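> Fold the following and give me the result.
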Amino acid sequence: MSDYPAYAPSEEHELLRGTVRELADAKIAPFAAVVDEESRFPVEAL
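I've put the predicted structure just below:
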């Protein structure tokens, strides 16, 4: 938790962050190393 509660993200923001993190972990991360090695656009992420 933040030392400055006035600047803490809202509950909705935290929910969105978690949802985006799950999506990235499931759909983008598995291809990240290959995309980096091949220096190409990650078409799998579309």
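> use CA for all of it now, contacts and neighbours both
OK.
> pLDDT weak spots in this protein?
The model of the chain has pLDDT under 70 over residues 1-2.
> measure the most centrally placed residue in it to Pro9 for me?
When C-alpha atoms, centre = their mean is applied to the chain, the residue found nearest the centroid is Arg21 (3.8 Å). Going from Arg21 to Pro9 by C-alpha to C-alpha, to the nearest Å gives 16 Å.
> Spell out the residue ranges of the helices in this structure.
Along the chain, the stretches classed as helices by DSSP state H are 11-23, 29-38.
> quick one, the first one and helix 29-38 angle?
So the one you mean is helix 11-23. Relative orientation of helix 11-23 and helix 29-38, computed by axes from the mean of the first three to the mean of the last three C-alpha atoms, to 10 degrees: 60 degrees.
> list the buried ones in helix 11-23?
Neighbour counts over helix 11-23 (16 or more other C-alpha atoms under 10 Å) mark no residue as buried.
> Take it, keep the C-alpha atoms, and write them as CSV.
In CSV, the C-alpha atoms belonging to helix 11-23 read as follows (Å, rounded to 0.1, in the frame of the first residue of the first chain):
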residue,chain,number,x,y,z
GLU,A,11,-10.0,-0.3,-7.0
GLU,A,12,-11.2,-0.2,-10.6
HIS,A,13,-7.7,0.7,-11.7
GLU,A,14,-6.2,-2.2,-9.8
LEU,A,15,-8.8,-4.6,-11.3
LEU,A,16,-7.9,-3.3,-14.8
ARG,A,17,-4.2,-3.7,-14.1
GLY,A,18,-4.7,-7.3,-13.0
THR,A,19,-6.8,-8.1,-16.0
VAL,A,20,-4.3,-6.7,-18.4
ARG,A,21,-1.5,-8.5,-16.6
GLU,A,22,-3.3,-11.9,-17.0
LEU,A,23,-3.9,-11.2,-20.7
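> Fine by me, thanks again.
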